Each structure stands twice: as structure tokens, then as C-alpha cells.
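Enquirer: Output the structure for:
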Amino acid sequence: MSAESAEPYPAPEDLANFLLWETVLTQLEDNLEAFLEGQSLAEQANELAAEWEPPAELGPLPEALTQRARLLAKAQARAYAQLRNESRTNRKQSMLIRSVPGPSSSAVYLEVDG
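Expert: Numbers count the residues shown, from 1 in each chain. Sure, this is the predicted structure:
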């Protein structure tokens, strides 16, 4: 009777894909964490766009990482909703600022003698 394991060792390409997916998920989680820590939006957009690029050789998501990927996707969706709400608030504040009349060019006098 042989003592074979129920699951064979993963093929090297499967292991490489798993490690690549782990790296990608970690990068995305780190980017999300930076967003949640409150850097200015412009700084974040420039840094993230310059630093991260998805690997071209990324294969299918390994089943062992699906739960982690789902949790990350949900966290990203919450961050997106927060960003959208902040953007709406900024637009409303900008409209309020624009509605305030600018300085008047005509002279205004105040009589203090009575």
C-alpha cells in the first residue's frame, strides 16, 4: 500500500502564477492602504500610476487566493464609494464658493459721524 498524497505538488508554472498573484494582491492592498491613510488624491494618483503596472504574464487566479481577491475587491469598492462621495462634496463646496460675489469695483462709504 503506497502513501501517496491526495494532491500532487503543484507544477512549477502553477507555483510561479500563485506567487505572482500573491505579489499583485499585496501591491493592490498596499495601494488601497495608502489611499485610506489619507494622502492627497493627486499625490496618490501620480504615485500609483507611476509605480504599478499589472504583469503581462499573469495567469488565472488560483483558487486558494479567491477569498483574498474578493475581500480586496469589496474594500476597493468601498474606497471608490468614499472617493465618489468626497468628490460630490468638493463639487458642492466649489459651487458655493463660486456663488459668492467677488469684490465690488465701486466705492463703498460708511458714515460714522451720524
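Enquirer: can you map out the strands along the chain?
Expert: Applying DSSP state E to the chain gives no strands.
Enquirer: shaky segments in it?
Expert: Confidence mapping of the chain against pLDDT under 70 gives the ranges 1-9, 38-46, 48-49, 114.
Enquirer: Contacts only, for the residue nearest the centre of it.
Expert: Among the residues of the chain, the one closest to the centroid is residue 32, at 4.5 Å (C-alpha atoms, centre = their mean). By C-beta atoms under 8 Å, 6 or more residues apart in numbering, the contact list for residue 32 reads 72, 75-76, 79. C-beta here means a position set from N, CA and C on the backbone, and glycine is covered the same way.
Enquirer: In the lengthiest helix in the chain, which residues are buried?
Expert: Longest helix in the chain by number of residues (criterion: DSSP state H): helix 66-99. Along helix 66-99, these residues count as buried under the neighbour rule (16 or more other C-beta atoms under 10 Å): 68, 72, 75.
Enquirer: Surely the second one and residue 30 touch.
Expert: It stands for residue 72. No: at 10.8 Å, residue 72 does not count as touching residue 30 under the criterion of C-beta atoms under 8 Å.
Enquirer: what's the closest non-adjacent residue to residue 36?
Expert: In this structure, residue 36 finds its nearest non-sequential neighbour in residue 79, 6.6 Å apart by C-beta to C-beta, 6 or more residues apart in numbering.
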